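Engineer: return atomic coordinates for the entry below.
(one chain, ligands or ions: 1)
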Amino acid sequence: MNIPEKYQIKETITQNTYLVNGELKKWTGQTSEVYSTISSTSTYQKTLLGTIPTLGETEALEALNSAVAAYDKGQGLWPTMKVVDRIACMEKFVEQMKTKREEVVKLLMWEIGKNLADSEKEFDRTVEYIYDTIEDYTQMDRDSAKFEKHDGVNAHIRRGPLGVVLCLGPYNYPLNETFALLIPAIIMGNTTIFKPAKFGVLLLSPLLEAFQNSFPKGVVNIIYGRGRTVASPIMKDGRVDVLALIGNSASANALQSVHPKSNRLRMVLGLEAKNPAIVLKDADLDLAISECIAGTTSFNGQRCTALKVLYVHSAIIEEFNKRFSEKVDALKFGNPWEEGAKLTPLPEPDKPAYIQELIDDALEKGAKIINKKGGETTENYIFPAVLYPVSKDMRVYKEEQFGPVIPVMSFSDIEQPLDDMAESNYGQQVSLFGKDIKTLAPLIDTLVNLVCRVNLNSSCQRGPDVYPFTGRKDSAVATLSVHDALRSFSIRTFVASKDNESNNAILTELLQSRASNFVSTDYIL
Ligand code: G3H
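Structural biologist: Just a heads-up that it's a prediction; the model follows:
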């Protein structure tokens, strides 16, 4: 195998600690092996990357107790700390994180098969996200460095933490999406328990020490193991205040349902989607095709924002299918570090078989594979099949494929895709391709009520991260963006006092003495 020296796996990683109560605690119990579906040898075989602890309920509750103790009924060092000091801790963390770029990028490639450019982008985007979060929180703090007075009541209003947050991220963005939950949760003064996703676990090892030495003990707890074994007991206990999860709605529902106090539990969820592209007959075909290629195939379709069904107007379907299929076949498959590799190995060993099932079902019900390479299978990949004509009784229409298979449908009446979207359980985004504003205007006005982002003549995506990322129905709960995430992980809380001489004297003294971290009009410069 021709693997560049710097990307070769020369030794495995033994992750034999977990972070709890500020300590990287040694684990001597059961472990699980972490494999990459990428082969290091010319005869195919999975590559062993290392081992991780298989923790159980006892360790999960130990992490929960640690987070609860760090919150300490609202008296903890972290939730009561001055904003400026919490920001300093986060700055310390991100400075250390930046030094681990190479190690993390390499592991992103091996663990989840993301290509080099996208792995680098995932790392850099996350670092930028942390800096933007710091900047936004600083501004939020400046804006609340004041009192208000209404109807004879003085008020000092800020955003305060919610309590203990359980954070679960997805395998397709094991760094970025997980940190886009964890970082705002931490900086707002919450204490956290974080369990990495099923893939993309070892890439956190280089960052454990930074988490340990940047924040007070118990603020960040990192545990390993199966969701069912570690996340469920934590939820069942009832002391978690926020479930922050990016993944699928079945796991979110299962975890919510075991929490005994449904009103206590806040939720920040980014769930599955089935984002459609609607290609109108006057669309710029070159543009629509290249955006649909990016939308359906980048990271092999393993993105919640991926285009998962294409609706193309019947007047242009033939031309679209021909050119689109050729472009799909021209995409290069290769290992993540290979120049120009757009399609890369799938991290889930059983994914090719699942995609094959979707293809077989569609073929049985009348669709055809219209590209030459569609469905070609190797040990760790199945080449994207473009399926046409797809109908609503097919599994590939109903299920979120989250992988390389592309269903295409044609329409002549725009009500068809609109009805399908209204009927769908999902409501994240749509891509709309066309030029005539008389057609576009009413469509836009409808689509914004069915999803939360209408991408005009471009594929769907989450970024830029300052924009709201959310969805309707089973696609999301709460809104994420640099700013919105800070709001989602906090609540407005304030000190109110009647405007009279004795109260005002107390307030003045509180401010002048700087004895309170909450009642403070200090302005962060
Ligand atoms: O998995 C879903 C991600 O939020 C998608 O983000 O659009 O930046 O790939 P992206």
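Engineer: skipping its backbone neighbours, what lies nearest the most centrally placed residue in the chain in space?
Structural biologist: Of all residues in the chain, the one closest to the mean position by Cα atoms, centre = their mean is residue 177, 3.0 Å from it. Excluding the flanking residues, the one nearest residue 177 by Cβ to Cβ, 6 or more residues apart in numbering is residue 246, at 4.8 Å. Glycine gets a C-beta too; all of them are placed from N, C-alpha and C.
Engineer: ok, now how distant is that neighbour from the ligand?
Structural biologist: 7 Å (Cβ to the nearest ligand atom, to the nearest Å).
Engineer: my guess is that residue contacts residue 181. True?
Structural biologist: Yes. With contacts counted by Cβ atoms under 8 Å, residue 246 reaches residue 181, the gap being 6.6 Å.
Engineer: what's the overlap in contacts for those two?
Structural biologist: Common contacts of residue 246 and residue 181 (Cβ atoms under 8 Å, 6 or more residues apart in numbering): residue 169.
Engineer: rewinding a little: so the residue nearest to the centre of the chain touches residue 167, yeah?
Structural biologist: No. If you go by Cβ under 8 Å, residue 177 and residue 167 don't touch, sitting 10.3 Å apart.
Engineer: can you list the residues of the chain near the ligand?
Structural biologist: 172-173, 177, 303-305, 461-463 (Cβ under 6 Å from any ligand atom).
Engineer: buried subset of those?
Structural biologist: Burial by neighbour count, judged by 16 or more other Cβ atoms under 10 Å, picks out 172-173, 177, 303-305, 461-462 from the residues of the chain next to the ligand.
Engineer: which strands or helices does the lengthiest helix in the chain pack on?
Structural biologist: For the chain, the helix that runs over the most residues, judged by DSSP state H, is helix 116-143. Counting by 3 or more Cβ pairs under 8 Å, 6 or more residues apart in numbering; DSSP states H and E, the packing neighbours recorded for helix 116-143 are helix 83-98, helix 101-112, helix 176-187, helix 482-488.
Engineer: what about the shortest one, distance to the chain center?
Structural biologist: This means helix 482-488. 14 Å (Cα atoms, centre = their mean, to the nearest Å).
Engineer: do the same with stretch 275-282
Structural biologist: Put simply, stretch 275-282 sits 26 Å off its chain's centre (Cα atoms, centre = their mean).
Engineer: stretch 222-231 now?
Structural biologist: 18 Å.
Engineer: gap between the two ends of it?
Structural biologist: End-to-end distance for stretch 222-231, by Cα to Cα, to the nearest Å: 12 Å.
Engineer: can you map out the helices along the stretch 401-525 of the chain?
Structural biologist: Counting by DSSP state H, counting those that start in this stretch, the stretch 401-525 of the chain has helices at residues 415-423, 437-447, 482-488, 501-513.
Engineer: highest mean neighbour count out of the ones you listed?
Structural biologist: helix 482-488 (a mean of 21; mean count of other Cβ atoms under 10 Å).
Engineer: which elements pack onto it?
Structural biologist: Helices and strands touching helix 482-488, by 3+ Cβ pairs under 8 Å, 6+ apart, are helix 116-143, helix 176-187.
Engineer: ok, for residue 260, nearest residue in space, not its chain neighbours?
Structural biologist: Nearest non-adjacent residue to residue 260, counting by Cβ to Cβ, 6+ apart: residue 238, 4.4 Å away.
Engineer: contacts only, for that neighbour.
Structural biologist: Counted by Cβ under 8 Å, 6+ apart, residue 238 has contacts 259-261, 264.
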